[in-house]
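In: sequence and predicted structure are below.
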Amino acid sequence: MNPFLKQVADHYMKTGDISGRCFIFPNRRSQVFFKKYLGEAVKASGVPVVAPQMMTINDFFYGIAGTRPTDRVSLLLELHECYKSLYPKAESLDEFIFWGDVILGDFDDVDKYLADPGQLYTNVREFKEIQDTYSYLTDNQRRAIDSFVRHFRDSDRLTVNLDSENPNVKERFLQVWNILFPLYKDFREVLSRKGMSYEGMTYRSLAERLKEEPVADVLPAVFGDVKEYVFTGLNALNECERTVMRKMKDAGLASFCWDYSSKMIRDRRNNASLFMSRNLDEFGQAFPIDPDGTGTPEISVVSVPSSVGQAKLLPSILKDEDYAVVLPDESLLVPVLNSIPPGIKDINVTMGYPMRNSSFFDFMTLASAMQMHLRQKDGTWYFYHTQVWAIFSSGLFRKVTEGDEAAAGKVDAIKKDAKYYIPQDELSGHPVFDLIFRPVVKDPKSASKEQTKAFGDYHKDLVLGLSSILAKDPGMAIELEFARKAFSAITLLGSKELEILPLTFARLLDQLLGPVSVPFNGEPLKGLQIMGPLETRALDFRNLVILSCNEGIFPRRSVSSSFIPPELRKGFGLPTYEFQDAIWAYYFYRMIQRAETVTLVYDSRTEGLKNGEESRFIKQLEYHYDLNLKRSFVKAEARIKDDGTDIPKTDGDIEKLEEVILSASSLKSYLDCPAKFYFSKIACLKEESEVAEDLDSGMLGDVYHSTMQALYMGEAAMDPSYDMGDRKRNASFPGALKEITGEYILSWMKRKEDIKKRVRSLILSQLHTLEVSGRNLVLENVIVQYVLKTLQRDKELLDKLGTNSFRIIGLENEFRMTFDGFRFIGYIDRMDSFLPGEVRIVDYKTGKVENNDVNITDDNAVRIAEALFGDDNKKRPKIAFQLFLYDYLAAGSPVTEDKVVVNSIYQPARLFTEEIRNVPMSRVFNREVEERLHGLLSDIKDPSRPWKRTDDKDTCSWCDFKMICGRQ
Amino acid sequence: MVKILKASAGSGKTFNLTETYIRLLLGNEDPTAYRHILAVTFTNKATDEMKSRILKELYKLSKNPEESDYTKDFVPGLFSSTEALKSKAETILVNILHDYGAFAVSTIDRFFQQTLKAFSKEIGQFASYQVELDKESLVNESVDRILDSLTEDNKALLGWLSDSMMEQLEQGHRFNLDGSLSDMAKRLKSDEHRSVVEENGIDEEAVYSKKNLTRMKARFREVIAAYVTEVKAAAKALEDAFLQNGVSPSDTSRGFMAGVLGKFEALDARSPLPELTESFRNKAEDFGSWFRKADQPRYSPLENLLLPPIARLVTVYDRGLKTYNTAKILLKQTSDLGIASDLSKEFRNLLKEKNVLSLDDSNQILKGIIDGSDAPFIYEKLGVRFEHFLLDEFQDTSRVQWDNFKPLIANSDAGNFENLLVGDVKQSIYRWRGSDWKLMAKEVGEQFPDAVHDSLKGNWRSLGNIVRFNNSFFGYAASELDRLYGPGAEITVASIYGGKDSEGQEVMTGDSEEGLVEAVFCDQDKQAGHILETINKLTAADAKPGDITVLVRNNQEGSEIARFLMDNGIDVISDDSLHLKSSYVVRKLVSLLTSVKNPGDTIGSYLADQAGLEAGKVTCHSLLDLCEQLLRLLQHKDGKERLDDESLYIHSFLDYVQDHVAVNGNSLDSFLKAWKEADPKVSSPSDVNAVRVMTIHKAKGLEFPYVIFPYSEKVTLFRAHNSWTVPKVEGTPLEDIGKAAFDVQLSSGSTRTLFEEDYRQELLLQYIDNINTYYVALTRASKGMTIISDISVDSGSCFAGILLQYLVQEGAGAGFSEERDDEERVVVFRKGEMYPFGKLERKGNGICRLEPGFNSFPLNPESGDDGSEGQERGRLRVSADSVDFFTEEGRAKAEARNNGTVLHDILSRVRVPSDLGPSVLQAVRDGDLEPGRREEVLDMLSRRIASKPEWFPAGGVRILNETSLFDTDGREWRPDRVIIKGDSVTVVDYKFGEHNPRYRAQVARYAAIYRRLGYRDVSTAIWYVPSDEVE
């Protein structure tokens, strides 16, 4: 294989006086390789040389123009200003960013292809009047304009109302269309006044300048004494480039090295050759390249039903380092970098590492978001938990606090508290925390210059502060590259002194940073080459692997956004999709023309919007060039070695059982699924404490329980400031009520607002938050209604029993006992007595309870006990165990001595339709359960019984441990 | 011209479509005619297949026309010779291949999206908007936001929600705010709702305003109360009649009258209405049965006194019943509907904010464009002008899709171009997604009265036994359904399927084998065993696993069967059935990620801890990097084999991560949150060597050698179903609620409401949905099939029941044998023999299979141990520039260094002194230099430059700025500035940091090269610019 650039280098080394030439390349990368070949040629010749000038075509143009392109954001800001003054319905800057790019792109094309903007942006309204002045239009242009205008005019009449207040599709289109020409003019005028320009504007003005000034005078002033400019490896040229090159050629200053060697690329029917004939005809080939032609590579096609899976095939494709891996989809870079077999010692990546894929970018985004959700209350600034927690778990934060115990301590403390809003003082007192957690955006709705500046400075400080820590770790070089780019972007944005909303600032920054990618400025000439398709320009590799050979990705589907309808683009010679296709086709056929092996890999998935379609290039090779493609695909076997076997019971587990305190619910969980019992009670696994945003059903129950408890404890407990969370204190509550009278209940039923206050304070403490909002407001109302209804039903019960008061025996009392060596605990919501000689065990249930569970009688006792201990989780009564346990616990207590014990389940939701019913304790049931319980407990202790997993999948669907359990 | 082609299963639909497409190409003089033909398919996969098929056929026609089945259609029809055909085909083929973007074979959605994109500005979307497929999550998020943003100030909404919640509680419903609202929200945002609203011209905003809903509620309550009062009064009157005549209602036989009257007495607006049962009614008319035999004579004189009031009760009861029931149903849901207006507002905001468009809504938006515009303008914006339209699977087109196509096709029809609509009503199984087969069955023909109708008669897919069985069975089943439905059907099932005696399809395979049809009826829990047994029989007959497909009703069932088969050692591939979360490695990896995120989460960390893995020390480049790193940890611990086995799962997981990151960024926190909710599945590879498990819906359009269809009894005849319905209130007390759509459950009970008609209609549509589902399942097989069903089925509720009835009644006549094992409770009906799969022609194609495996290698395995210094270690060398930019000495030093780099850059752009200004400006524009420092830097550098006129002359010398030298060892050197004046050379290097003796060797090397280049007078200088010292 004789690479194209080597042929060029060798040729000009042979020709002599290479130092006096200037080589112009499509990109910087070809320059690097060219130098390599040049070095080799110098080595062969034995005489040192001063290198020729070398530059990219873009540098060449800007070199002559003596300017630099203005950055995109500045251009957009200027464009928006002009747009606003022309278009009364102009969008805000925020929204305009999206359209501004499209308009800029159009203007760029118009200029680069030297189209006449006045004609192109035909004013439909004035079309008739100006039509005559279009006499010098080409036929194509005339046809395009005619067919375009015909959509809006019928003979002489406009068929659309351009000033419509409620425009239809066509009118909406024209309302924008009609200002594009004035916008073009205004914009350019403003730019030239300010010494700014976009690329096309620079190109066009240069092309126009060379009409006046001889190119032979212009160039030496910039590049000094150059004997000849050699344009190397270019393909698609715009009209400005052509104009300049034409002038140079006419002045005898330029020669051209085109890379069109293989038969496939020279095939006129191949789209890849679209530009070839014009280039060769007009500019000629400097010397014969590949005089003996090129061979045909050996081509394989591999299909994989995965995106990442493509990268994972590399180890079986790459035989040594002599490969180039081309990634049309840059998001495969990370997987590729993680899939290169160890035998390959050197890797060079030419494509950038996209900023958007970095944890650095993620961190900056989080910090911005955090600043926009600050809250102030009573002079203290608070941070919203969502972003704070997200920052804690972000890679960058973890990195800069790695091994820092003080930081870890702070994080733990904040997570433990699980506050909804975290006050600033809890987030300060550590350099990294102080850097990140300080209030900057104090008014997110204000577009003040000062705040924008402060916001910008905050970002800058973050970058500098964090980077100085990261700089200590050599593994963080990429992050530091990002940091540096970010720093530049922030500085640039800051320099505009904008008066914008912080949100707009953040979006602009996002727009600036999003597309940035960081190059790996490594040793480019060594090892495995990883690159994007663009970087392959002018380069040749012996072995090529191209991933993502999917239609739509390679070639990329050009959804060119433009305001100029395709018909007009065509008519005026602006690039269309065919043009893009041709460029891609050239990349492809050029890169494979000297290769020996080519492996094309594609993602065959067809889900969602993925089409799984192989690239057109594969189809062309197969059906047009009749090549014998070697096809392969990945075998489908998908086997899981399930660890779904039962968990063995160890001696340690049995020891652990002695410490375990059982409750009704933990026994039920054992019956439902021993593995679940194991995870929670033996392995003691808990879900991470999370900040609760809304009351979950458990919290809702807690609030209701506590409110009911407070009500029957007495007035003082109903004070919103009284802390119901302290069991001990509640137990010795001074002035606890012993008797609840009908009057007492009635008086509270009239104090809805006071109940609400109590409920609210309980909600606030459940949620660790400052205020009740959102759906919690509705839930708050529900709880208040629950409480009122409960009071009402209690009163009704009094009335029904013909008594004026009932006695409180205990509220939320704790009971403990030992049973077969196991310790049990239970809390009885309320024990009371309405009738002498009768004690009620009251249980509040805000969750769902079946009727069957509640009505246990001697008659159905055996059946229910069987169901309780049976295998069917669905049929297992929900609270039967609890009833048994409470009765059992209560039975052992002196307060029930000689008393009839009845159970009463208060389900607040049902209280709306049903009155309170008491169920007498069933002795038969308790005996049945007790008997079976002995067996159950000995099962639990039995070392030969593993911790089995349930067969019932419904149980799994709500299980906390489903993530780690083998069952699915 | 519009041609409507009916194509039953296996009738060569794709063949025909391809033929039409190719004929349009070949028959056109324009060699780029493909640019003007749009072929629309239903799925991405079908698109891909159709494209491949067209290309392959064109290829055959251009190389070996004799091998193509199409040649006879074109020669001599279109071409006089095969040579002419070859050449034209070749030209077109090559044109398409190289103008592939214009090769317009597309799914409906894709084509519409493409159109919509061209109008993004006009519809107020940003050009970069994305299409969101997961509408449900958008709806949920909208509901979430509405509820999240509730404040005490928003009294209207808070009040509404609280009230409706109280109503729910008072009606004894369990309170579930999110659940009921998001269910309603999803239904409100459904296509079905949209089309009902459109069809009936309902003004959503007005109807669903809280004000109007309040008014409606009041009306419903009134109607309910009035009816209750009226019925109670009638009951009371009856009771009074008893009492006035000295009889107690409890004196009636078994006290039946007292029971009924007691219920009426207790009736209020909330309680359920007592039922007047059939037996009560019968009794009511038959006075003789009211009292015990013995008492009869005593009471018989009362007959005339008691019969009128009871008749009146029945009349009153029946007269208002439907309205009352309807009001009760509607009242329940008006509260939920209160969210409608807030929802549409929030939903719109959300779309805008996320810059997405939901796929369903886009059709609607497109309708706005197409309705309000003309076809040529649309084409103009698209950049393509379609003349011909070929629509495949036309029965699956939805109404709104068709509305969007119609103007384009009408335009084409008017221009005399050819259009083809191909479909089969029998295979319409996507009604739940909006498909409307009535378009194909009827309406298109009415819209295009000149359309040509045709149908394909043969079956090229299945062997004789299968075709004949289907012909006979579906004719039977259709008639059976019509009989069940009774009179009054809008369309009969038989008119779609052909009745009992219709001819059906003709067998076209030309194979001497007749194939096998087997129907197994057994107990539910034995069905899985029969699948396995069938697979074993197939293997014995030399079938490859890839020849076998198991069809299932839904993914859940598919999952179970796939797991069952895998557990029995059978290779399975299964779309949508292999859940990522079932992979052990994936779960372990997620556990590791969880423990990285928060070591305090003991559940999350459990698996990691168990494995003894420590995730604490990992780098943080990106989420994907993190996953790879953790996977390597796992691999180290569990062995490579373990990961290799599950590599498909791991790859899919990483794909999921990749997709997530692309949209949501690299936050671990947000990823884990998303993962909790997600249930992604493995995409199956195109391996042919495994048993396929697939839903019937996915299998539509596909063909398999052998099909096993277990649990076929799950295809029921009717299921109660919620539908958006506009109650027919005209002439009832509800009349003034006007036209409004409600989400109502239609079931047999609906006959007692104003939704009776809707129910009957739904019943028919479901019959057709379900027979179609069964039809699709039974027409996939080419060589044989086994249908497995529960043995206890009845023909009134499921298709398996109809099948059993058919086989029992007509099986013998149709050539089925019957084996019955009463003890095992198994019946097997069989027709034909197992196909000898050994004789099946298999395409080898030399396609090779790659072993799946999981490969992950660190980029830079060991740090610094290869003797390299600084950052330069490992395999990938990363630039260290930025490390300088942010040196550890802190900010001050960093800025100083930065300063150096920036100043060096500025100087490197200076050839002549006048370059300095622009160069400094550029540094500012690039963001490298703070604007505030511009003057200072400019000032310092211009003084320095001015002080060195010999290095910065205005002209007369050659300046080489940053120009490389190539030494004879091939190495490149780059002095900062070289001044050449005749024979003398000065080499200057700029330095901005500390003095360093290394620099001297550096410039000495430059000088040496210049000397060897022949310059005699070579001097060097190291210029420490800030201090202006020169060495």
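Out: Sure, I can see it. Being a predicted model, the structure only gives us computed values, none of them experimental. Residues are numbered from 1 along each chain as shown, chains lettered A, B, ... in the order given.
In: going forward, measure contacts and count neighbours with C-alpha atoms only.
Out: Will do.
In: for the chain, which strand is longest?
Out: Since you didn't name a chain, this refers to chain A. Looking across chain A with DSSP state E, the single longest strand is strand A:805-819.
In: sorry, should have said chain B
Out: Per DSSP E, chain B has its longest strand at strand B:781-790.
In: partner strands of the following helix or strand past the longest strand of chain A and their direction?
Out: Sequence order places strand A:822-833 as the next helix or strand after strand A:805-819, per DSSP states H and E. With DSSP bridges as the test, strand A:822-833 is paired with strand A:661-662 (parallel), strand A:805-819 (antiparallel), strand A:838-844 (antiparallel).
In: how about the following helix or strand past the first one: buried residues?
Out: Once the chain leaves strand A:661-662, the next helix or strand it forms, by DSSP H and E, is helix A:664-672. Burial within helix A:664-672, assessed by neighbour count using 16 or more other Cα atoms under 10 Å in any protein chain shown, is assigned to A:664, A:666-672.
In: what's the farthest-apart pair in those?
Out: A:A664 and A:D672 (12.3 Å; Cα to Cα).
In: before we move on, back to that, so which of the strands paired with strand A:822-833 is the most surrounded?
Out: strand A:838-844 (a mean of 21; mean count of other Cα atoms under 10 Å in any protein chain shown).
In: which outside residues touch the host helix or strand of B:S495?
Out: For B:S495, the host element (DSSP H and E) is helix B:493-497. Residues from elsewhere that reach helix B:493-497, judged by Cα atoms under 8 Å, 6 or more residues apart in numbering or on different chains: B:425-426, B:474-475, B:478-479, B:481-482, B:500, B:768.
In: just send these back as CSV, with neighbour count too.
Out: CSV is the format used below for those (neighbours: other Cα atoms under 10 Å in any protein chain shown):
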residue, neighbour count
B:V425, 24
B:K426, 24
B:F474, 26
B:G475, 23
B:A478, 24
B:S479, 20
B:L481, 22
B:D482, 20
B:K500, 18
B:I768, 25
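In: and the residues you listed, which is the shakiest by pLDDT?
Out: Within these, B:K500 has the lowest pLDDT, namely 66.
In: which residues are in contact with residue 325?
Out: Looking at chain A here, since you left the chain open. Here A:V325 is in contact with A:528-531, A:544-547 (Cα under 8 Å, 6+ apart).
In: nope, chain B
Out: Listed by Cα under 8 Å, 6+ apart, the contact set of B:N325 reads B:752-753.
In: same question for the longest strand of chain B, mean pLDDT?
Out: Mean predicted lDDT for strand B:781-790 stands at 97.
In: which residues sit against it?
Out: By Cα under 8 Å, 6+ apart, the residues outside strand B:781-790 that reach it are B:461-463, B:466, B:514-524, B:527, B:530, B:534, B:703-713, B:778, B:800, B:834-835.
In: so A:M963 is in which element?
Out: Going by DSSP H and E, A:M963 is not part of any helix or strand.
In: burial of it, as a residue count?
Out: 23 (other Cα atoms under 10 Å in any protein chain shown).
In: would you confirm that it contacts B:V586?
Out: No: when contacts are counted by Cα atoms under 8 Å, A:M963 is not listed as touching B:V586 (9.9 Å).
In: next structured bit after the longest strand of chain B?
Out: helix B:799-806.
In: from the contact counts, what lies against that following helix?
Out: helix B:464-485, helix B:756-778 (3 or more Cα pairs under 8 Å, 6 or more residues apart in numbering or on different chains; DSSP states H and E).
In: what's the closest of the ones you listed to chain A?
Out: Closest to chain A of those, according to Cα to the nearest Cα: helix B:756-778, at 21.6 Å.
In: pull the closest one out as CSV, backbone CA atoms only.
Out: C-alpha atoms of helix B:756-778 as CSV (Å, rounded to 0.1, in the frame of the first residue of the first chain):
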residue,chain,number,x,y,z
GLU,B,756,-76.2,-0.4,25.1
GLU,B,757,-75.6,0.4,21.5
ASP,B,758,-71.9,1.1,22.2
TYR,B,759,-71.6,-2.2,23.9
ARG,B,760,-73.1,-4.1,21.0
GLN,B,761,-70.8,-2.4,18.7
GLU,B,762,-67.8,-3.1,20.9
LEU,B,763,-68.9,-6.7,21.1
LEU,B,764,-68.8,-7.1,17.4
LEU,B,765,-65.5,-5.4,17.0
GLN,B,766,-64.0,-7.6,19.7
TYR,B,767,-65.3,-10.7,18.0
ILE,B,768,-63.5,-9.6,14.9
ASP,B,769,-60.3,-8.6,16.8
ASN,B,770,-60.2,-12.0,18.3
ILE,B,771,-61.0,-14.1,15.4
ASN,B,772,-58.4,-12.1,13.5
THR,B,773,-55.8,-12.8,16.3
TYR,B,774,-56.6,-16.5,16.0
TYR,B,775,-56.4,-16.3,12.2
VAL,B,776,-53.0,-14.6,12.3
ALA,B,777,-51.7,-17.3,14.7
LEU,B,778,-53.0,-20.2,12.6
